[in-house]
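> Structure for this input, please:
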Amino acid sequence: MQTSQTFSLPKLSLPIMGCGTWAWGNRLLWGYDESMDSGLQEVFNLCVNNGVTLFDTGDSYGTGKLNGRSEQLLGSFAQAYSGDNKNDICIATKLAAYPWRLTRHSMVAAGKASAKRLGRNIDLVQMHWSTANYAPWQEGALLDGLADLYEQGLVKGVGLSNYGTKRLRWVHQRFRDRGIPITSLQVQYSLLSTYPVTELGLKDVCDELGIKLIAYSPLALGLLTGKYSENNYPQGIRGLVCRQLLPGMKSLFQCLDEIAVARNKSISQVAINWCIAKGTIPIPGAKSVEQARENIGALGWILNAGEVAELDQIAASLKKKMVQNIFQTQ
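Residues are numbered from 1 along each chain as shown. Alright, predicted model coming up:
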């Protein structure tokens, strides 16, 4: 059994890699269907058994009538699991900054609702996005609600998502005044989305403040798996993104393929390992045991400095990259 190293935090441990569960309940983008549930439980079991114990979700995950489905599934899977690393399971939920959530009490209520769907307390509660770009007046009360959840012992840690360096420092000061540490910050980060680190300098600031940086979408909606081509696009919105970016990715794929062959790994494993080599915790999604096993293959080894530098150089030269999350702040 392969077990990944952990970073120790107060009452909370985060593994080298986690698993994103955006697809678990999302019909619109990922084609979820209830018939997939038994397979998703196998994904959960395989991940935990291999030390991938962090599962990232959100109270907005799941479309339409399936809203909250991801949390429900994770809660039932965690309760049913009885193998190795059970005590290390960390369920991280992002609470949405919906326009109707205006008070600290509304965020506490949202956290309790998520805990009810999970059938257990949230381990790591996160602000899904900052409202600084459109309603900065709303944000303070919502952050106070997250802090309340921590002070009331309803969560083990507090994190953020889609925050830049300036806003991160502002929240850090606000929480420090209450004696509340920020456990983590997650941003869109991959070879096709280097903006948060290279242009905003987030990794350096996170290291300074003792915050772990989590990389979501490390495979760029599947573009970095190597399974798509100009003759084979995924359907829907992801297909549109592929059509825009794939034609300009030839040099990146060539480099990824050369490293993959030399390492006896796959292109996607090299792309995920690049995130690990950068000191982040990638959280690639998985809808099947095959995908989960593929992701796990990114563990247990590390790219050398020369390989990372080569990938960095090519990534920086790409003319087209992933569009940034509209909620990403400075």
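
> which residues sit in contact with the residue most central in space within the chain?
With distances taken as CA atoms, centre = their mean, the residue of the chain nearest its centroid is residue 216 (3.4 Å). Applying CB atoms under 8 Å, 6 or more residues apart in numbering, we find residue 216 in contact with 20, 56, 161, 186-189, 283. (Each C-beta comes from the backbone N, C-alpha and C, glycine too.)

> do the same with residue 191
By CB under 8 Å, 6+ apart, residue 191 lies in contact with 220, 224, 252, 256, 271, 274, 311, 315.

> what do you get if the cut-off is 7 Å, keeping everything else the same?
By CB atoms under 7 Å, 6 or more residues apart in numbering, the contact list for residue 191 reads 224, 252, 271, 274, 311, 315.

> Residue 150: which of those is nearest?
In terms of CB to CB, no member of these lies closer to residue 150 than residue 274, at 32.5 Å.

> low-confidence ranges in the stretch 51-200 of the chain?
Along the stretch 51-200 of the chain, segments meeting pLDDT under 70 span 63-66.

> And the helices in it?
Applying DSSP state H, counting those that start in this stretch to the stretch 51-200 of the chain gives helices spanning 69-80, 104-118, 136-151, 165-176, 195-198.

> Mind giving me the packing neighbours of the second one?
Counting by 3 or more CB pairs under 7 Å, 6 or more residues apart in numbering; DSSP states H and E, the packing neighbours recorded for helix 104-118 are helix 69-80, strand 90-95, strand 122-127, helix 136-151.

> What about residue 244, how many residues nearby?
Applying other CB atoms under 10 Å, we find 14 residues neighbouring residue 244.

> can you check the one 5 residues further on too?
Taking other CB under 10 Å as the neighbour definition, residue 249 ends up with a count of 22.

> Equivalent analysis for residue 110, please.
Residues near residue 110, counting by other CB under 10 Å, number 22.

> Look up the closest residue to it, ignoring the ones flanking it.
Closest residue in space to residue 110, ignoring its immediate chain neighbours: residue 95 at 4.8 Å, by CB to CB, 6 or more residues apart in numbering.

> got CSV for the helices and strands packed on helix 104-118, with distance to residue 113 and mean neighbour count too?
Putting the helices and strands packed on helix 104-118 into CSV (distance: least, CB to CB, whole Å; neighbours: other CB atoms under 10 Å) gives the following:
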stretch, distance to residue 113, mean neighbour count
helix 69-80, 9, 21
strand 90-95, 9, 26
strand 122-127, 10, 26
helix 136-151, 12, 19
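
> Please name whichever of those is nearest to residue 201.
Among the helices and strands packed on helix 104-118, the nearest to residue 201 by CB to CB is strand 122-127 (20.4 Å).

> would you say residue 215 is within a strand?
Yes: Residue 215: assigned to a strand according to DSSP: H, G, I helix; E, B strand; the rest coil.
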